[in-house]
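Colleague: Predicted coordinates and the sequence they were generated for:
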Amino acid sequence: MDFDPAAVKAAVSVDAGLRDRWRREWGLLMDLAVWGDLRSSQIGLSGKLHKRVLEFGERLRSYGSDRSWIPHPREQIKNALSTSLQTRESLEKVSEIADQLSDGADLASLRAMWEAISAALMADIVMREERLVQLLNQQYQEEV
């Protein structure tokens, strides 16, 4: 079975406006993570937060990247699913560290920003993964 090119493109592509919004929001999050007044009783937690937020930005960029350079639609779908799973893992890691922060003038802002970003992104991830899995399942059902 051949994949419908329009369906594949819709499933693996992220709207440019949404990608730009995520980039701006991540920049604000990174600024708070690095420059914000955030405290913890655990030594080294702020460094871990910086690292995890940076990693999250890298995953977010991959999640929203163009996959048209990948020649085969099935590989585009698999790449999008893989990137989605990596983004989920990164979300979990940032959430774990954010939950361990205990004080600071910017803690409430960081948590509010993080909850808004992660909730919106998870909604997109769930919707996108459903479409990607449906495309793969269609291929397998028609092969049988």
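Modeller: Perfect, I can see it now. Bear in mind that the values here come from a model prediction, so they are computed numbers and not experimental data. Numbering: from 1, shown residues only.
Colleague: quick one: the longest helix along the chain to chain centroid distance?
Modeller: When the chain is parsed with DSSP state H, its longest helix is helix 107-143. Relative to its chain's centre, helix 107-143 lies at 8 Å (C-alpha atoms, centre = their mean, to the nearest Å).
Colleague: Mean confidence (pLDDT) on that helix, please.
Modeller: Mean pLDDT, helix 107-143: 92.
Colleague: Could you do stretch 30-46 as well?
Modeller: Per-residue pLDDT values across stretch 30-46 average out to 94.
Colleague: And for stretch 53-68?
Modeller: Stretch 53-68 shows a mean pLDDT of 96.
Colleague: tell me the strands in the protein, going along the chain?
Modeller: Counting by DSSP state E, the chain has no strands to list.
Colleague: in it, which spans are helices?
Modeller: Using DSSP H, helices in the chain cover 5-12, 16-35, 45-63, 73-100, 107-143.
Colleague: export the ones you listed to a markdown table and tack on mean neighbour count?
Modeller: Heads up, the C-betas are built off the backbone N, CA and C, glycines and all. Formatted as a markdown table, the helices of the chain follow (neighbours: other C-beta atoms under 10 Å):
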| stretch | mean neighbour count |
| --- | --- |
| helix 5-12 | 16 |
| helix 16-35 | 15 |
| helix 45-63 | 18 |
| helix 73-100 | 17 |
| helix 107-143 | 15 |
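Colleague: circling back: please name every helix or strand in contact with the longest helix of the chain.
Modeller: On a contact count with 3 or more C-beta pairs under 8 Å, 6 or more residues apart in numbering; DSSP states H and E, helix 107-143 meets helix 5-12, helix 16-35, helix 73-100.
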